[in-house]
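Colleague: coords below, sequence missing:
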């Protein structure tokens, strides 16, 4: 561990989780620092409840740490962790049979200062509610969580071509859904 922390790749840190206790703690702390914000944000948006999000968040990192295996080919640590997180969220929702609100999923706060921003965010929420479920999660992962097509493919356990098609169709559907609202908005400007 003579390198600076930022000189280690995520994959190197993942493999270090299998080393002696001190090295494993160092590696876990660094991976946690790098990835926890995105994972927690995803949990909160998906679950819509802070307590449930915290539970899933902790369980995701625990399962991630327990998954450490020097023999596993690790090319995308954030994608691997997000797949664990996504599966835990889906299982929790199925187990509780809770209807996830995409208003909560988006985590949009109502204290925005600009009424235009509020109005636009409201339209996007409406658009997400109307969007077919098969496209909704792809759209959110790309547009709100900022994942690359490759990362989404790994998270969703599908190929990159499928991701591209789903995101293209999701954007097209969002434009179709929002078109009447946007047309109405421009009348008053």
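Modeller: That came through fine. For clarity, every value in this text was computed on a predicted model and none was experimentally measured.
Colleague: what mean pLDDT does stretch 60-70 have?
Modeller: When pLDDT is averaged along stretch 60-70, the result is 92.
Colleague: Stretch 90-101 too?
Modeller: When the per-residue pLDDT values of stretch 90-101 are averaged, the result is 63.
Colleague: Same question for stretch 28-40.
Modeller: Averaged over stretch 28-40, pLDDT sits at 94.
Colleague: what kind of secondary structure is the most centrally placed residue in the chain in?
Modeller: Here the mean C-alpha position of the chain is nearest to the C-alpha of residue 42 (C-alpha atoms, centre = their mean), at a distance of 4.1 Å. With DSSP: H, G, I helix; E, B strand; the rest coil as the basis, the three-state label of residue 42 is helix.
Colleague: wait, isn't it in contact with residue 85?
Modeller: Yes. With the criterion set as C-beta atoms under 8 Å, residue 42 and residue 85 qualify as a contacting pair; they are 5.9 Å apart. Yep, even glycine has a C-beta here, placed from its N, CA and C like the rest.
Colleague: quick one on the thing from earlier: for the residue nearest to the centre of the chain, give its distance to residue 84.
Modeller: Shown here: residue 42 relative to residue 84, a distance of 11 Å by C-beta to C-beta, to the nearest Å.
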